[in-house]
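Trainee: predicted coordinates and the sequence they were generated for:
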Amino acid sequence: MAASVNEKNDSDSRIENLISASKSLKLSLEKSKSIGSALEKAGPRLEEISQRLPSLGSAVRPIRADKDALVAVGGHINRAVGPAAAVLKVFDAVHGLEKSLLSDPRNDLPGYLSVLKRLEEALRFLGDNCGLAIQWLEDIVEYLEDNTVADERYLSTLKESLKNLRGLQKDEEKPSLDGGLLDAALDKLANEFRRLLTEHSVPLPMSSSQSLGDQPCIAPSPLPVTVIHKLQAILGRLIANNRLDKCISIYVEVRSSNVRASLQALNLDYLEISIAEFNDVQSIEGYIAQWGKHLEFAVKHLFEAEYKLCNDVFERIGLDVWMDCFAKIAAQAGILAFLQFGKTVTESKKDPVKLLKMLDIFASLNKLRLDFNRLFGGAACIEIQNLTRDLIRAVIDGAAEIFWELLVQVELQRQVPPPSDGSVPRLVSVITNFCNKLLGDNYKPILTQVLVIHRSWKHLDFQEKLLINEILNIMKSIELNLETWIKTYEDPTLSYVFAMNNHWHLYKHLKGTKLGELLGDPWLREHEQYKDYYSTIFLRDSWGKLPAHLSREGLILFSGGRATARDLVKKRLKTFNDAFDEMYKKQSTWVMAERDLRERTCQLIVQAVVPVYRSYMQNYGPLVEQEASSKKYAKYTVDNLEKMLLSLFQPKPMRHGSFKVRQNSGKFGNGIADIRRTTSAVM
C-alpha cells in the first residue's frame, strides 16, 4: 500500500511538472512574440542609426585627434572669419544697389552714375579681398586634412566650393561676382547713350532745290552742351568698364545715319551712275556741277560739324579715338561715294569736251583742299586720303592728256567728210567754243595749274606761252580743215554756202571773246571778208543767173503778132520755172544756222530775183494768164515766190550731233565719242 501511495505521488508530481512546463512554454512563446514585434519595429531605427554612424564618427573624431591639433584649429578659424565676414558684408551691399541700378538712368543720370561707381568700388573690393578670404579658408582645409581632424567627404565638398570661388575671382569672370548686375547697368547706360544721341540728332532741313551757294561755311555744334556733358559722363563709366568700342559703334551708327538723312534730300542718286551710263548720259555736265556744290556743302557743313562734335564728345579720351570715330562717320555717311563719282568721270571715255568737266572737278577739290587736309589728314582717314590722291592724279593726268591731244584730234577730223547740208561741222562749233572757254577767267587759271602740276611730275617747266601756242595751233588746224573741206564738195555752190557758214561763225562767235582777242582783229576781219566774198560768188553763180531767163529781147520790138509773143513768153517762163524749181529743191536742204546770215542771204536772193520777176509778170503775164493752161507758165505769184525764197536755209530740228574721235597711240577712247551739245555750248 505504501508503494501505491508512492506511485500516486510520483504521478501527481509529473503532472504538476507538465502543467508548470506548459505554462512556462506558453509564457516563453508570448515573450518571443513580444520580442519579434519589438525587433520588427526596431529595424528602421537600426537602419537610420547605421546611416548616421559615419557622421557620428566624424563628430567624435576630434575627440580622438591630437590635442595640439585641436587647439590650433581655433586660431585658423578665427583668422579666416574676419575677411570672410567682410566679403559677405560687401556682397550684401551689392545686392542693396540692385534696385537703383535696374531703374531707368534718364530719371536721374548723376545719381545713377554715382550708384554705379559704388558698385564698381564694391566689385573691386571683392576682387581684391575674395582672394585673401579664400586663401585663409584653403589653409583651414589643408590643416584639417593634414591633421585628420575632419571627414574626407566633408573636406572634398569644401575643396570643390573653394575651387569654384577661386574661379569667380579671376578677372575675366569678375562680373559673375555680382550676378550680372554690372553688365545690366552698363547695358542700360549704353542704351541711354544711344537715346541721347538719337533724340538730339536731327537732319538739317533742306530740299534738293535749296541754294547751296555762298553761305556760312562752319555749321554750329549739332548737340546742346548739356547733352554733350551727359554723353561724356556716360562715356567715363563705360570706358572704365572696357566698353569704348561699344560707345564708338553706337556713336558712328547714329551720327552717320543722321548725315545720310541730311544728304538724302539733295537727291544724290547720280553718285551711283556706272561708267557705261556716263558714256551715254547727255546731262553729265549737270551732274558734275551738282557734285561740286553737294561736295562743298557736305564738307563745309555736315562733316565739319561732325568733326567738331567728335572732338567735343571724345576729347577727354584722346586724339586717336575721336579721329578714328570721325573717319568712320565720314566713310559711312558718303564721302567715299563722292570721291568714287569723280573717279568714275575720269575712267569714262576721254572725249575732248570732257576736259572742262575734269577741270571743274579739279577746281572743286582744290577749293576744298585746306578743308580736306584738316578734316581728313589724320592716320584714321587713310582710305579717304588714298582715294582723294588717286582722284586728283587721275583728273590731272586725264585733263592734261586731253588738252595736249586736242590738236591731234582736230587734224584727224580733216579726213572726215564735211556736212552734206553745208552747215558748220560739230568740230568747228565745239572746239572754237571749247578753246574760248579754256582762255576764259573761269578755266584758264585752273588749266594752267593743272598743266604746271602735270609737267612738274615729269620734271618739266611750264610757261604760259605753251598754252597760248597750243590753242593758236588748234585754230590754225581748224582753218586748214575748212580749206580742205571746201574743196571736197562736188557742187561748187554748196561749197560757197559751207564757206559762208563757217567764216561767219568764226567771226561772229569769236568777236569780243578771249579767243578773239588772242587771234586779233585782222584775223576776225579776214573771216568776215571771206564770208562776203563767198556770199557774192554764191549769189552770182546760182540765183543771180535766174533773171537772164526772163529776157525781154524780141518782145518790145516784136512785130510777129500777139500769138508769137505769147509763145515766146511761155517758153521763157517755163525755162525760168524749171531753173527755179531745180535750184530751190536743191538748196532747200541746205542750212544756215545763224539767223542773221540766213536772213541777209535770203534778202539778197529776193533782191536779185523778185523785182525782175514782178516786172516781167506785170508786162507779159497777161499774155498767158487768160489761157486755160496759164498756171503751167505763170506758176508762181510774186508773193509766193518771195515767201519761198525767204524760207530757204532753215535749220532742221535739232539732233544730237557727234564727231568721231580717232585713236592716237591708244590714248583716246575706243570708238566714237558723242558730243551732245548745241553749237553754243561745249559741255
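Mentor: That came through, no problem.

Trainee: measure Pro622 to Lys571 for me?
Mentor: With the distance defined as CB to CB, to the nearest Å, Pro622 ends up 17 Å from Lys571. Quick note: C-beta positions are derived from backbone N, CA and C, even for glycine.

Trainee: brain fart, Asp245
Mentor: 104 Å.

Trainee: equivalent analysis for Ala394, please.
Mentor: When CB to CB is the yardstick, Ala394 and Lys571 sit 73 Å from each other.

Trainee: cool, Lys300 as well?
Mentor: Plainly put, Lys300 is 82 Å away from Lys571 if you go by CB to CB.

Trainee: the more surrounded of these two?
Mentor: When Lys300 and Lys571 are compared on other CB atoms under 10 Å, the one with more neighbours turns out to be Lys300, at 20 against 12.

Trainee: give the buried residues for stretch 333-345.
Mentor: Within stretch 333-345, the residues scored as buried using 16 or more other CB atoms under 10 Å are 333-336, 338-339, 341-345.

Trainee: mean confidence for it?
Mentor: Averaging pLDDT along stretch 333-345 yields 92.

Trainee: I'd assumed Met592 was in contact with Leu494.
Mentor: No: counting by CB atoms under 8 Å, no contact exists between Leu494 and Met592, whose distance comes to 12.0 Å.

Trainee: between the two, which contacts overlap?
Mentor: Contact criterion CB atoms under 8 Å, 6 or more residues apart in numbering; residues shared by Leu494 and Met592: Gly422.

Trainee: so after whichever strand or helix holds Ser429, what's the next helix or strand?
Mentor: Remark: Ser429 resides in helix 426-438, with elements defined by DSSP states H and E. Next along the chain after helix 426-438, taking DSSP H and E as the criterion, comes helix 444-457.

Trainee: run the angle between the helix or strand following that next one and helix 426-438 for me.
Mentor: Moving toward the C-terminus from helix 444-457, the first helix or strand encountered (DSSP H and E) is helix 464-488. Using axes from the mean of the first three to the mean of the last three CA atoms, to 10 degrees, the direction of helix 464-488 lies 160 degrees away from that of helix 426-438.

Trainee: quick revisit: just want the angle from the helix holding Ser429 to helix 444-457.
Mentor: 90 degrees.

Trainee: helix 426-438 - contacts with which helices or strands?
Mentor: Counting by 3 or more CB pairs under 8 Å, 6 or more residues apart in numbering; DSSP states H and E, the packing neighbours recorded for helix 426-438 are helix 354-367, helix 382-412, helix 464-488, helix 492-510, helix 514-519.

Trainee: redo the ones you listed as a markdown table? Include distance to Arg562.
Mentor: Putting these into a markdown table (distance: least, CB to CB, whole Å) gives the following:
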| stretch | distance to Arg562 |
| --- | --- |
| helix 354-367 | 72 |
| helix 382-412 | 65 |
| helix 464-488 | 50 |
| helix 492-510 | 39 |
| helix 514-519 | 63 |
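
Trainee: let me have the ones you listed in CSV, extended by distance to Val606 and mean pLDDT.
Mentor: What follows is the helices and strands packed on helix 426-438, written out as CSV (distance: least, CB to CB, whole Å; pLDDT from 0 to 100):
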stretch, distance to Val606, mean pLDDT
helix 354-367, 42, 93
helix 382-412, 38, 95
helix 464-488, 26, 95
helix 492-510, 17, 96
helix 514-519, 32, 94
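
Trainee: which one of the ones you listed lies nearest to Leu641?
Mentor: Comparing the helices and strands packed on helix 426-438 by their distance to Leu641 (CB to CB), the top pick is helix 492-510, with 19.5 Å.

Trainee: tell me which residues of that closest one are tucked away?
Mentor: By neighbour count, with 16+ other CB under 10 Å as the criterion, the buried positions of helix 492-510 are 493-510.

Trainee: now do stretch 581-598
Mentor: Taking 16+ other CB under 10 Å as the neighbour-count basis, stretch 581-598 is seen to contain the buried residues 583, 587, 590-594, 597-598.

Trainee: repeat for stretch 513-521
Mentor: By neighbour count with 16+ other CB under 10 Å, stretch 513-521 contains the buried residues 513-516, 518-519.

Trainee: isn't Leu196 right up against Ile228?
Mentor: No: in this structure Leu196 lies outside contact range of Ile228 using CB under 8 Å: 9.3 Å.

Trainee: what is the least confident helix or strand in this structure?
Mentor: Taking all helices and strands of the chain together, the one with the lowest average confidence (mean pLDDT, DSSP states H and E) is helix 67-101, at a mean of 53.

Trainee: which of the buried residues of stretch 581-598 sits closest to Ile250?
Mentor: Ile250 lies nearest to Ala593 out of these, by CB to CB, at 62.8 Å.

Trainee: tell me the SS of the closest one?
Mentor: Secondary structure assignment for Ala593 (DSSP: H, G, I helix; E, B strand; the rest coil): coil.

Trainee: what's near enough to touch the spatially closest residue to it that is not a sequence neighbour?
Mentor: Excluding the flanking residues, the one nearest Ala593 by CB to CB, 6 or more residues apart in numbering is Pro651, at 5.1 Å. Remark: with contacts taken as CB under 8 Å, 6+ apart, Pro651 is in contact with 423, 591-593.

Trainee: secondary structure class of Pro651, three-state.
Mentor: Taking three-state DSSP as the rule, one finds Pro651 in the coil state.

Trainee: that one and Gln340: what is the separation?
Mentor: 41 Å.

Trainee: what's the answer for Val252, then?
Mentor: 20 Å.

Trainee: again with Leu238
Mentor: In this structure, Leu238 lies at 35 Å from Gln340, with CB to CB as the measure.

Trainee: repeat that for Ser262.
Mentor: Plainly put, Ser262 is 20 Å away from Gln340 if you go by CB to CB.

Trainee: where exactly do the helices run in the stretch 151-300 of the chain?
Mentor: Counting by DSSP state H, counting those that start in this stretch, residue ranges of the helices within the stretch 151-300 of the chain are 152-169, 181-200, 225-240, 244-264, 275-278, 284-297.

Trainee: can these go into CSV with extra columns for distance to Leu439 and mean neighbour count?
Mentor: Formatted as CSV, the helices of the stretch 151-300 of the chain follow (distance: least, CB to CB, whole Å; neighbours: other CB atoms under 10 Å):
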stretch, distance to Leu439, mean neighbour count
helix 152-169, 81, 13
helix 181-200, 52, 18
helix 225-240, 52, 17
helix 244-264, 36, 19
helix 275-278, 27, 13
helix 284-297, 19, 19
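
Trainee: of those, which is nearest Ala305?
Mentor: Shortest distance between Ala305 and the helices of the stretch 151-300 of the chain, using CB to CB, is found for helix 244-264: 8.7 Å.

Trainee: Gly292 is in contact with Phe338, correct?
Mentor: No: using CB under 8 Å, Phe338 makes no contact with Gly292, being 9.9 Å away.

Trainee: list the contacts for His505?
Mentor: With contacts defined as CB under 8 Å, 6+ apart, the neighbours of His505 are 424, 428-429, 432, 593-594, 679.
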